[in-house]
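Engineer: what's the 3D shape of this:
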Amino acid sequence: MNPQVIRRTKIVATIGPASESDDLIARLIAAGVNVFRLNFSHGSTGQHIRAAERIRKQASIAGRYVGILADLQGPKIRIGSFRHASVDIATGDRFRLDLDIHPAEGDITGVCLDYPELCSSVSRGDTLLLDDGRIRLRVDDVESRAVDCTVLVGGELGSRKGINRLGGGLSAPALTAKDLTDIDSLDKIKPDFVAVSFVSSADDIFQTRELLQQHQLKPAIIAKIERAEVVADEDTLKSILMASDGLMVARGDLGVEVGDAQLIGIQKELITRARKMDRVVITATQMMESMINSSMPTRAEVFDVANAVLDGTDAVMLSAETAVGNYPVDVVEAMADAALGAERQPVARTSKYRLDTAFTNAQEAIAMSAIYAANHYKNVRGIACLTESGTTPRLMSRLSSGLPIFALSRLSETLQQLALCRGVVPLFFDATAFDNDRVDGRAIEFLLDGGYLRKGDAIILTKGAIMGAAGSTNIMKILPVY
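Structural biologist: Take a look at the predicted model:
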């Protein structure tokens, strides 16, 4: 039996009306989904709980560790509603954002805004971006409770669309009353990851972690980077990364605030920073947008996915494509193919990262040494990590390699969170069930029986001298496969 071809880059898929049935979830797992996203901007608490139950059930049937990411809505700043669902505003028209207009009585002349701080956050000459930048307004005059604007780019404007300021600056607390209610419901879902929207400081992460711990929940916390002022301030960005377990390059709102031309470099910088700080990173938004209605991606979309893979992202994410799209399974298969294509490139398989850096502990030294040895010893076909906390395989995943990292653990919560780490294959294996002198051979037998190795290969194995103790990895071996 030949070893399995293993995709290193992980796929996050959003659950929605197009994908929430048992059958679709099973097919999406088979197509390659590693983590399912529950988008708390849509749907009810009950729907999310039922979706999580179906995901756990289908993952168990498939014999796979599949993570669940709860994505909190956050303080999306929106306009109010129009009397007739939408209006057509033309370039050159005057348009008013007014706190005193009835929330459901907007018309072609103006609309209510649910953000009282707007008038103190903008100045004459600012550019406001509505509906992800499709509509652009220039601020002409600022009153105490209203902002008068001229339409720079017109079009159809629907009710409850988001509003941003070019360059950022429209900030509200990251956790809203809705988010606090949603966090209270997470003990029924027990997500492996929680994403915090519109993070502006490390305090947003600390507050979220504290609230989750009150419910005895310890998911990995993902900071969504979507504010221009965050990426513009190096100290703020670093503190957010230090406080979180990973980040999401949320290219929708971030792109609106910084401009698409600037977003390209920012994406690359964020991925690089996350990996250097041992944080996982997800690249998200419009990666295969055309496949909402098309069974095939555009060449540009394939290149976009491949570029993120070559940048070093841990995961690429699908939003509307799987939540409401017509081809949810096809888009996952297309994304998997694009990622595999990129991973075949030599630049994605080697790494010089940290070759000139001193290590701070034995775990880190073993993790880095194992990847270096794997990349330079041609007989090695993979790395087996006997792990409790998942720290060693997570550190290994920060370095580029063409070889799989088999995370062997007895703890399901560890395996679920490793489902997001690039190159890591989470597998249940209870090393504490074997004597210390037999565990190496049993681990190799386990991988051989699973089709991950073949006889004649070599494998690198890492473990701790004390089995079952977290943080004790201090042994690396290169073993033949008989």
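
Engineer: quick check: mean pLDDT of whatever helix or strand residue 308 lives in?
Structural biologist: Using DSSP states H and E, residue 308 sits in helix 299-311. For helix 299-311, mean pLDDT is 97.

Engineer: that helix packs against which elements?
Structural biologist: Counting contacts by 3 or more C-beta pairs under 8 Å, 6 or more residues apart in numbering; DSSP states H and E, helix 299-311 packs against helix 260-276, strand 315-318, helix 328-343. The way it works is simple: take the backbone N, C-alpha and C, and place the C-beta from them, glycine included.

Engineer: and those as TSV, adding distance to residue 235?
Structural biologist: TSV is the format used below for the helices and strands packed on helix 299-311 (distance: least, C-beta to C-beta, whole Å):
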stretch	distance to residue 235
helix 260-276	13
strand 315-318	27
helix 328-343	33
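
Engineer: what's the most buried one of these?
Structural biologist: Greatest average neighbour count among the helices and strands packed on helix 299-311 goes to strand 315-318 (a mean of 26), per mean count of other C-beta atoms under 10 Å.

Engineer: adjacent strands (with direction) for that one?
Structural biologist: As defined by DSSP bridges, the strand partners of strand 315-318 come to strand 10-14 (parallel), strand 280-284 (parallel).

Engineer: circling back: figure out which of the helices and strands packed on helix 299-311 is closest to residue 385.
Structural biologist: Among the helices and strands packed on helix 299-311, helix 260-276 comes nearest to residue 385, with 18.3 Å by C-beta to C-beta.

Engineer: name the helices or strands packed onto the closest one?
Structural biologist: By 3+ C-beta pairs under 8 Å, 6+ apart, helix 260-276 packs against helix 228-232, helix 234-243, strand 246-250, helix 251-258, strand 280-284, helix 299-311.

Engineer: what's the closest of those to residue 432?
Structural biologist: Of the helices and strands packed on helix 260-276, nearest to residue 432 by C-beta to C-beta is strand 280-284, at 26.9 Å.

Engineer: distance from the chain centre to that closest one, please.
Structural biologist: 4 Å (C-alpha atoms, centre = their mean, to the nearest Å).

Engineer: the residue nearest to residue 131 when sequence neighbours are not counted: how many residues sit nearby?
Structural biologist: Nearest residue to residue 131 in three dimensions, chain neighbours excluded: residue 161, at 4.1 Å (C-beta to C-beta, 6 or more residues apart in numbering). Neighbour count for residue 161, taken as other C-beta atoms under 10 Å: 18.

Engineer: assign a three-state SS to residue 61, would you?
Structural biologist: helix (DSSP: H, G, I helix; E, B strand; the rest coil).

Engineer: surely it meets residue 25?
Structural biologist: No - applying C-beta atoms under 8 Å as the test, residue 61 and residue 25 come out as separate, 9.9 Å apart.

Engineer: those two: who's more crowded?
Structural biologist: residue 25 (26 against 12).

Engineer: how far does stretch 391-408 sit from the chain's center?
Structural biologist: In terms of C-alpha atoms, centre = their mean, the centre of stretch 391-408 is set 18 Å apart from its chain centre.
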